[in-house]
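Enquirer: sharing a model that was predicted from the sequence below.
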Amino acid sequence: EDKVVQSPLSLVVHEGDTVTLNCSYEVTNFRSLLWYKQEKKAPTFLFMLTSSGIEKKSGRLSSILDKKELFSILNITATQTGDSAIYLCAVEASNYKLTFGKGTLLTVNP
Amino acid sequence: GAVVSQHPSRVICKSGTSVKIECRSLDFQATTMFWYRQFPKKSLMLMATSNEGSKATYEQGVEKDKFLINHASLTLSTLTVTSAHPEDSSFYICSAKQGNYEQYFGPGTRLTVT
């Protein structure tokens, strides 16, 4: 059975801090790993990673995948209160099915 | 990014009635659509996978006669919760995918069954 484990489950930081969110996985027939941000509604797409060692970057967010060690990290630098959300990691199998982790609840205090 | 819409965003219905939720991909053709269910403070759980023009594939434990899925076109899939009961109250989210690209999620539908 495909499995995704995220850590930490929750994190509280101050504005300006840098955070690293972790995601480890076990999946049969890996296709990709995806990061989503979920606030009050449905998840919004952040990154899709398919290759090891290639960092994807969008503003203050970046992510990298290690297919040998089966994990990914999501970094957020200079955090802002608007970054407060649940960050979901999901792995996509060859049949396009996503298996989600439980998420990391990030709270950024002013 | 791509846009996926859901309608309605919120619905309250009486026990025993049926509710239909629509999922549309607005600016791309979705070869595959997925339906998820999310309970409070829990992650998303895949209910079924739907390919245009063919029957949906349901995950283990999901009753296909209760959760009817139709994917009649490349831009529209519907989920009908039949004979709804209070335990069906949940947040239902669809996602849509074109080929090998990432899945984009709709805004979700909050169903409350009284």
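Expert: Right, received. Where do you want to start?

Enquirer: okay, CA-based contacts and neighbour counts for the rest of this
Expert: OK.

Enquirer: show me where chain B dips below the pLDDT cut-off.
Expert: Counting by pLDDT under 70, chain B contains low-confidence residues at B:1.

Enquirer: the strands in it, which residues?
Expert: Taking DSSP state E as the criterion, chain B carries its strands at B:4-7, B:10-13, B:19-25, B:32-38, B:44-51, B:57-58, B:67-73, B:76-81, B:90-97, B:104-105, B:109-113.

Enquirer: name the strands paired with the fifth one and say parallel or antiparallel.
Expert: When sheet partners are counted by DSSP bridges, strand B:44-51 sits next to strand B:32-38 (antiparallel), strand B:57-58 (antiparallel).

Enquirer: in JSON lines: those, plus mean neighbour count.
Expert: JSON lines is the format used below for these (neighbours: other CA atoms under 10 Å in any protein chain shown):
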{"stretch": "strand B:32-38", "mean neighbour count": "23"}
{"stretch": "strand B:57-58", "mean neighbour count": "17"}
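
Enquirer: A:Lys56: which of these is closest?
Expert: Closest to A:Lys56 of the strands paired with strand B:44-51, according to CA to CA: strand B:32-38, at 25.4 Å.

Enquirer: contacts for that closest one next, please.
Expert: With CA atoms under 8 Å, 6 or more residues apart in numbering or on different chains as the test, strand B:32-38 has contacts from B:44-52, B:71, B:77, B:79, B:90-99.

Enquirer: and if you look at stretch A:51-66?
Expert: Under the contact criterion CA under 8 Å, 6+ apart, stretch A:51-66 has outside partners A:33, A:47, A:49-50, A:67-68, A:71-79.
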